[in-house]
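Participant: prediction below, plus the sequence it came from.
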Amino acid sequence: MYAVRRGVFVQKMLEAMLQGSLVSIEVFVLTLLFSLPLALPIALGRMSRSRLVSGAVNVYLLVMRGTPLILQLIFVYFAPYYLFHVSYDRFVAVIVAFVINYAAYFAEIYRGGIESIPSGQYEAAKVLGFTRSQTFFRIVLPQVIKRILPSTANEVITLVKDTALAQTIGVAELFRVAQNASARQFSTLPIFVAGLFYFVMNWVVSAAFSRAERKLSYYR
Amino acid sequence: MEIIKVDHLSKSFGTLEVIKDISFSVHEGEVLAIIGPSGSGKSTLLRSVTHLEEVSGGTIEVAGERMVTDGAYAGPETLRSICLKVGLVFQNFNLFPHFSVLRNIAEAQVCVLGRSRAEAEERARALLGKMGLSDKAEAYPCELSGGQQQRVSIARALALDPEVLFFDEPTSALDPELTGEILKVIRSLAAEKMTMVIVTHEMAFARDVADRVIFMDGGVIIEEGKADEVINNPRNDRTKSFLKRFSE
């Protein structure tokens, strides 16, 4: 009887945690979906010859990289309420905060990659008559992607673990669910199970990046 | 007909004047070699005429079109039309590492000239054949020797059918054996009456292949004339002392 009850309990816990990990994966995927492209104009803005543009982007980068993500989450969710008395969906706030934070890190990775391309590539492209956008998208960007894969993988792996911060403003992602379950059962087991979930997710992420690196290893 | 006409050209980097009031011209079918010590401004001169550097003053005319008039650049359409008439081969090749050899040569034909992919690749293969690299079409630049890479980059420039081809020390990154490969290619282009301007340290080559030689030092043209005359019997003392080291 006891064993059956315990079995049901464990099953319920795993179901809840699966639900929670779906929320974590949603945060992860949506953050990447928006921040990876958004980082490109930010990186170009940072390299802009206009002092105004590069200065403004630099301030944004300083703030995003210089303050804790957990604080940014709280700010993004609560600031509109205190300033304008409007409140909105917690999940949306999580995505907004994650996207603007991660775009800052990705932008700096892109900038490093773009600036590492030798000037000879631009000169060759110019002499051959490629337009500036052709040069960027056909000549420069593919080489940048190859160069930034390792550092981007680092950031993406960190993102998997950072999704746990979404609970700060009340979004029940994987780690929150695990903490609830462990409080209810007076056991740390659910937390370690959650750890296993993150580990497996990051295993998949690492494998995907290794694969991409291998696919691009046909040239130096 | 003059393909390149440069008048009173000057170029400064900050307060440093690297080209001082230079004038010269290149005729159709002619091979001009520019020689001189390092830092004499010969590469900058080449990069100015190919619009990789902005000049400070003077006039540049390419195939009848004005690129710069008394230091003022023409509009983007004229600059683009001039760009298509000019080819440049770099000292360190600057091939696109992520493209195969074939695509390195075909890409600009498709993107810039609007040729079909098939037509561009056909032309690329023909040029590779001419360069003795038919078997390397599918290779990537990193798999080639320096001499092979430089031949690909010459093919890449020729694929756009330029009216004049510039070489910026095309053999300086190569050992003597590979240098020979490149000089052979340039010789065969000269035999086809391709108009070329070559910045080089290969004096014997300059004497053999060039019709005319310009000797530069300190941003000015010190001596100019028929290739064998300038190199075998220089009149200016500065040219003599520079060439003396070469003949020893």
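Facilitator: Right, received. Where do you want to start?

Participant: centroid-nearest residue for chain A?
Facilitator: residue A:159 (4.4 Å; Cα atoms, centre = their mean).

Participant: kindly report the same for chain B.
Facilitator: Centre-most residue of chain B, counting by Cα atoms, centre = their mean: residue B:166, 1.6 Å.

Participant: I'd assumed residue B:85 was in contact with that one.
Facilitator: No. Using Cβ atoms under 8 Å, residue B:166 is not in contact with residue B:85; the gap is 11.3 Å. Just so you know, the C-beta spots here come from the backbone N, C-alpha and C atoms, and that holds for glycine as well.

Participant: re the thing from before, what mean pLDDT does the strand or helix carrying the residue nearest to the centre of chain B have?
Facilitator: Using DSSP states H and E, residue B:166 sits in strand B:164-168. Mean per-residue pLDDT for strand B:164-168: 95.

Participant: residue ranges in the chain under the pLDDT threshold?
Facilitator: Since you didn't name a chain, this refers to chain A. A:1-5 (pLDDT under 70).

Participant: should've been chain B
Facilitator: Ranges of chain B meeting pLDDT under 70: B:247-248.

Participant: tell me the residues on it that lie near chain A, please.
Facilitator: Near chain A, the residues belonging to chain B are B:50-52, B:80, B:83-84, B:86-88, B:90, B:92, B:94-98, B:107-108, B:111-113, B:140-142, B:153, B:156-157, B:160 when assessed by Cβ under 8 Å from any Cβ of the partner chain.

Participant: what backbone torsions are found at the nearest residue to residue B:193 once chain neighbours are set aside?
Facilitator: Spatial nearest neighbour of residue B:193, excluding adjacent residues (Cβ to Cβ, 6 or more residues apart in numbering or on different chains): residue B:29 at 4.1 Å. Note on residue B:29: its backbone torsions stand at phi 80, psi 0 [degrees, to the nearest 10].

Participant: test my guess that residue B:29 contacts residue B:191.
Facilitator: No. Residue B:29 lies out of contact with residue B:191 (Cβ under 8 Å); the separation is 10.9 Å.

Participant: ok, these two, which is more surrounded?
Facilitator: Legend: neighbour count by other Cβ atoms under 10 Å in any protein chain shown for residue B:29 and residue B:191, higher for residue B:29 (14 against 9).

Participant: contact partners for that one?
Facilitator: Neighbouring residues of residue B:29 by Cβ atoms under 8 Å, 6 or more residues apart in numbering or on different chains: B:193, B:194, B:195.

Participant: what would these look like in TSV with neighbour count, secondary structure and distance to residue B:172?
Facilitator: Below are these laid out as TSV (neighbours: other Cβ atoms under 10 Å in any protein chain shown; DSSP: H, G, I helix; E, B strand; the rest coil; distance: Cβ to Cβ, whole Å):
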residue	neighbour count	secondary structure	distance to residue B:172
B:193	11	coil	26
B:194	19	coil	21
B:195	22	coil	22
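
Participant: of these, closest to residue A:30?
Facilitator: residue B:194 (57.0 Å; Cβ to Cβ).

Participant: how close does that closest one get to chain A?
Facilitator: 17 Å (Cβ to the nearest Cβ, to the nearest Å).

Participant: who's in contact with that residue?
Facilitator: For residue B:194, the contact set (Cβ under 8 Å, 6+ apart) comprises B:29, B:31, B:165.

Participant: isn't the last one right up against residue B:189?
Facilitator: I take that to be residue B:165. Yes. Counting by Cβ under 8 Å, residue B:189 is a contact partner of residue B:165 at 7.2 Å.

Participant: what's the burial count for residue 84?
Facilitator: As the question left the chain open, I've gone with chain A. If we define neighbours as other Cβ under 10 Å, then residue A:84 has 8 of them.

Participant: ah, no, chain B please
Facilitator: Quick note: residue B:84 (other Cβ under 10 Å) scores 17 neighbours.

Participant: ditto for residue B:16
Facilitator: With other Cβ under 10 Å as criterion, residue B:16 counts 8.

Participant: let me see the ranges of the strands in chain B.
Facilitator: Assigned by DSSP state E, the strands in chain B fall at B:2-13, B:16-27, B:31-35, B:57-62, B:65-69, B:72-73, B:86-89, B:164-168, B:196-199, B:212-217, B:220-226.

Participant: remind me, longest helix of chain A?
Facilitator: helix A:2-46 (DSSP state H).

Participant: same check, this time on chain B
Facilitator: helix B:176-191.

Participant: contact partners for residue B:103?
Facilitator: residue B:96.

Participant: okay, angle between the longest helix of chain B and strand B:31-35 too, please.
Facilitator: Using axes from the mean of the first three to the mean of the last three Cα atoms, to 10 degrees, the inter-axis angle of helix B:176-191 relative to strand B:31-35 is 140 degrees.

Participant: between helix B:176-191 and strand B:164-168, how big is the angle?
Facilitator: Angle, helix B:176-191 to strand B:164-168, by the same axes, to 10 degrees: 160 degrees.

Participant: let's see helix B:176-191 as CSV, backbone CA atoms only.
Facilitator: The C-alpha coordinates for helix B:176-191 follow below in CSV (Å, rounded to 0.1, in the frame of the first residue of the first chain):
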residue,chain,number,x,y,z
PRO,B,176,61.8,31.0,-55.3
GLU,B,177,60.4,27.8,-56.8
LEU,B,178,56.8,28.9,-56.4
THR,B,179,57.7,32.4,-57.6
GLY,B,180,58.6,30.8,-61.0
GLU,B,181,55.1,29.4,-61.4
ILE,B,182,53.6,32.9,-61.0
LEU,B,183,56.1,34.6,-63.2
LYS,B,184,55.3,32.1,-65.9
VAL,B,185,51.6,32.9,-65.7
ILE,B,186,52.2,36.6,-65.8
ARG,B,187,54.6,36.1,-68.8
SER,B,188,51.9,34.2,-70.7
LEU,B,189,49.4,37.0,-70.0
ALA,B,190,51.9,39.5,-71.3
ALA,B,191,52.2,37.5,-74.5
